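Chemist: Model the following, please.
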Amino acid sequence: MVQDIREQVRERYARAAVQGVGDAGCCGGGADGVGSCGPQDLVVDDRFGSALYDAQDAAAVPAEALAASLGCGNPLLVAELRAGERVLDLGSGGGIDVLLSARRVGPTGFAYGVDMTDEMLALARANAQKAGATNVEFRQGTIEDLPLDDAVVDVVISNCVVNLSPDKPAVLAEAFRVLVPGGRLGISDVVAEDHLTPAERAERGSYVGCIAGALSRTEYLDGLAAAGFVDAEVRFTHPVADGMHGAVVRAAKPGAA
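Modeler: Numbering: from 1, shown residues only. So this is what the prediction gives:
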């Protein structure tokens, strides 16, 4: 089951990288309905994709990176990045959030992206070259088993990817592991209202469309606590389906004693 979900996600986003689905966003789907976040008559609009970035950020990256944006928010605003910080983007896709992070942390900082899809990694690296970004690196791997050492980044960000993982406790544990003491998590994700059962979430959309696999708010908070995070919050920002929301998720790794 876990491997089946991972392969479905890999296939969907490999196709997105090649076809450039762009503004269709995380919930974008073609005629076959793959990637659709809800019923067939759901119109995908500015709840997903490049529309969630302001004009200044949009102008700061290659058009290909903006077009490949598949997220449900702007994690850079959530994370409040500072000069000199080291940032990791979980599920970095076409690289937009890594490139924008690199600009914000400046030449003394660094931005990593991790993605499991060959096609997305190729697109991201090409976008980094077009942007002239020298303080970035894209690594292949899964977000459940990050290809980074312990305690090497100050901030972990992600944009509508955690909901796609078939093993969310592993994702949160890995994010905790790679953060330095006192580091922080700031991500955008799709989150369900607490009253929705997993079956009811699945009725509202597919797993690869960022809906069926979404955690509820309480499940998210419990998962963050289990991983060791403190000061966690999950705040809804905009609806994406009945009882489902784009959300801001923040938490911190306790500092050194």
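Chemist: From now on I want contacts and neighbour counts done on CA atoms only, so please keep to that.
Modeler: OK.
Chemist: got the phi/psi numbers for Asp222?
Modeler: phi -70, psi -40 (degrees, to the nearest 10).
Chemist: ditto for Leu164
Modeler: phi -80, psi -10.
Chemist: give the contact list for it.
Modeler: Val9, Tyr207, Val208, Cys210, Gly213, Ala214 (C-alpha atoms under 8 Å, 6 or more residues apart in numbering).
Chemist: Quick one: the strands in this protein, in order.
Modeler: Along the chain, counting by DSSP state E, strands occupy 86-90, 110-115, 136-140, 153-159, 179-192, 215-216, 230-241, 244-252.
Chemist: export these to TSV and tack on distance to Ile96?
Modeler: Shown next, in TSV, are the strands of the chain (distance: least, C-alpha to C-alpha, whole Å):
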stretch	distance to Ile96
strand 86-90	10
strand 110-115	10
strand 136-140	11
strand 153-159	10
strand 179-192	14
strand 215-216	25
strand 230-241	21
strand 244-252	18
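Chemist: Need the winner for burial among those strands.
Modeler: Most buried of these by mean neighbour count (mean count of other C-alpha atoms under 10 Å) is strand 86-90; its value is a mean of 28.
Chemist: Leu224 touches Val171, doesn't it?
Modeler: No: counting by C-alpha atoms under 8 Å, Val171 is not a contact partner of Leu224; they are 10.0 Å apart.
Chemist: which one of the two has more residues nearby?
Modeler: For Leu224 versus Val171, neighbours defined as other C-alpha atoms under 10 Å are more numerous around Leu224 (27 against 21).
Chemist: Give me the pLDDT value at the more buried one.
Modeler: Looking at Leu224, its pLDDT reads 98.
Chemist: try Val153
Modeler: Val153 carries a pLDDT score of 98 in this model.
Chemist: Correct me if wrong: it contacts Val180.
Modeler: Yes: using C-alpha under 8 Å, Val153 is in contact with Val180, at 5.9 Å.
Chemist: got the contact list for Lys179?
Modeler: Residue 179: Leu, not Lys. Leu179 neighbours (C-alpha under 8 Å, 6+ apart): Asp150, Ala151, Val152, Val153, Asp154, Val155, Val156, Lys253.
Chemist: measure the closest residue in space to Ala225 that isn't next to it in sequence to Val249 for me?
Modeler: Ranked by C-alpha to C-alpha, 6 or more residues apart in numbering and with sequence neighbours excluded, the top spatial neighbour of Ala225 is Ala232, at 7.7 Å. For Ala232, the distance to Val249 (C-alpha to C-alpha, to the nearest Å) stands at 7 Å.
Chemist: Which neighbours do these two have in common?
Modeler: Between them, Ala232 and Val249 share no contacting residue under C-alpha under 8 Å, 6+ apart.
Chemist: quick one: low-confidence ranges for the stretch 51-200 of the chain?
Modeler: 51-73 (pLDDT under 70).
Chemist: so where do the helices sit in it?
Modeler: Using DSSP state H, counting those that start in this stretch, the helices found in the stretch 51-200 of the chain span residues 55-59, 63-67, 75-79, 96-105, 118-131, 168-178, 198-203.
Chemist: can you put those helices in TSV and add distance to Glu144?
Modeler: Formatted as TSV, the helices of the stretch 51-200 of the chain follow (distance: least, C-alpha to C-alpha, whole Å):
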stretch	distance to Glu144
helix 55-59	29
helix 63-67	24
helix 75-79	19
helix 96-105	19
helix 118-131	17
helix 168-178	5
helix 198-203	21
